[in-house]
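> please find the sequence and the predicted model below.
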Amino acid sequence: MNIRRAVPVLVIFLFCWIPMAISQIEMEKKDVDTIRNPTPPNETSQDRGRELFMSRCVVCHGMEGRGDGPHSESLGVPPWDFTQDITDVTDGDLFNGIKNGGQFLWMPPFGLILMDDQIWDVINYLRLLEKGGN
Ligand code: HEC
């Protein structure tokens, strides 16, 4: 297929895909309350979660999850402090925030690079940070 023919196909594809992707995210947000954590918060899961946290989250959220990572100063909004901010937040809400990104664009949608299982491991680790563990 030559470039001239490919362009309209690409445009049509984008016009269909963008609203579909948005409605997908909206749908998932609506269903947040029904999301249950399928992974028991045991040491094995928390160890996996810690490893992911160290490689993916520390730059912004900091080593102990206090929202003070090396990158945090340059963001438009402060990253959440997991020792303070998640007591009243359900696992479903955390899952949605991590998978689809935060309320503000500074928190990236990790659903693009992490599997759901990995997100649950991270959440089990965040619950450990919340209690002052590490
Ligand atoms: C580029 C910096 C950055 C990285 C990397 C990052 N975060 Fe965040 N995160 C933020 C900022 C800033 C906020 C607060 C603003 C917001 O909620 O959008 C936030 C908010 C959150 C929230 C609350 C979302 C909401 O609004 O519901 C959760 C949960 C979270 N981060 C978890 C994580 C986890 C887990 C990782 C690693 C897998 C991670 N973050 C990596 C910057 C980051």
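Looks like it came in fine.
> next SSE after the helix or strand of the chain with the lowest mean pLDDT?
Lowest mean confidence among the helices and strands of the chain (mean pLDDT, DSSP states H and E): helix 3-30, at a mean of 67. Scanning forward in sequence from helix 3-30 by DSSP states H and E, the next helix or strand is helix 43-56.
> buried set for that following helix?
Of the residues in helix 43-56, 45, 46, 48, 49, 50, 52, 53, 56 count as buried by neighbour count, 16 or more other Cβ atoms under 10 Å. In short, each C-beta sits where N, CA and C put it, glycine included.
> ditto for stretch 55-62
Result for stretch 55-62 [16+ other Cβ under 10 Å]: buried residues 56, 57, 60, 61, 62.
> what's the distance between the third one and residue 120?
Look at residue 60 and residue 120: by Cβ to Cβ, to the nearest Å, they are 20 Å apart.
> the second one now?
As defined by Cβ to Cβ, residue 57 lies at a distance of 15 Å from residue 120.
> helix/strand/coil for the residue most central in space within the chain?
Per Cα atoms, centre = their mean, the C-alpha nearest to the average position across the chain is that of residue 98, at 1.4 Å. Under DSSP: H, G, I helix; E, B strand; the rest coil, the three-state class of residue 98 is helix.
> how far away is it from residue 105?
Counting by Cβ to Cβ - residue 98 and residue 105 are separated by 15 Å.
> same deal with residue 92?
22 Å.
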